[in-house]
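> Got a sequence here, can you model it:
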Amino acid sequence: MAPTHLEILKQQIDVSAVDFSIFIRICGNPPTDDDYGDAVRYAQSRVRDRLEYIDWMYDRIDTLWQQSLVNATQAGSRDNDEVELVGERCVRLTVESLELNVDEEWITAVRKGLLQREIRAAVEARKRVEEERDRLFVVWEDATRAEKASRLNRERR
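The predicted model follows:
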């Protein structure tokens, strides 16, 4: 059984390599507006899933940062430079900051050209979110080290 238009679109979205020109060669006809609309929803759901994960990471980093400040304050330390730097490096990504059009009325009303652009935008947004996740791993490590150092410093006093 040959894959459907939507299955092909989802596969392309999953590997971040969208090529709308292959449908005539593979399927003999282009996807319908409904296929494109479903693909937009799918691509945006993939972005939202990754955003939820990095949002959890942001929260955890904030918790580590705040605990580091508490530890430093309890230890009577004035050396909060590293702790504050970690806190400043977390500017949260959101669906709005990624400029995705998640309005269901818009998705159902527009034609395939705009839906194709929205699929590409969602794929690019997911790449940006994944880059942010990778960056946050480094920030997380910094925050963890800062919290551990501040805790040890507090325990020594």
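
> Least confident secondary structure element in the protein?
The weakest-scoring helix or strand in the chain, judged by mean pLDDT, DSSP states H and E, is helix 81-88 (a mean of 50).

> Skipping adjacent residues, who's closest to Leu64 in space?
Spatial nearest neighbour of Leu64, excluding adjacent residues (C-beta to C-beta, 6 or more residues apart in numbering): Ala143 at 3.9 Å. From N, CA and C alone the C-beta is placed, and that goes for glycine too.

> Hmm, Leu69 and that neighbour touching each other?
No: applying C-beta atoms under 8 Å as the test, Ala143 and Leu69 come out as separate, 11.2 Å apart.

> Excluding chain neighbours, give the residue nearest to Thr108 in space.
In space, Thr108 is closest to Gly37, 6.1 Å off (C-beta to C-beta, 6+ apart).

> pLDDT wise, what is the one you found at?
As predicted, Gly37 sits at a pLDDT of 93.

> Contact partners for it?
Shown in contact with Gly37 (C-beta atoms under 8 Å, 6 or more residues apart in numbering): Ile107, Thr108, Leu115.

> top of those residues by neighbour count?
Neighbour counts for the contacts of Gly37 (other C-beta atoms under 10 Å) peak at Leu115, which has 23 neighbours.

> Look up how far Ala146 lies from the residue nearest to Thr108.
46 Å (C-beta to C-beta, to the nearest Å).

> other SSEs contacting the helix or strand containing Trp106?
Using DSSP states H and E, Trp106 sits in helix 104-109. Applying 3 or more C-beta pairs under 8 Å, 6 or more residues apart in numbering; DSSP states H and E, we find helix 104-109 packed against helix 33-74.

> average pLDDT for the longest helix seen in the chain?
If you go by DSSP state H, the chain has its longest helix at helix 112-156. Across helix 112-156, pLDDT averages out at 87.
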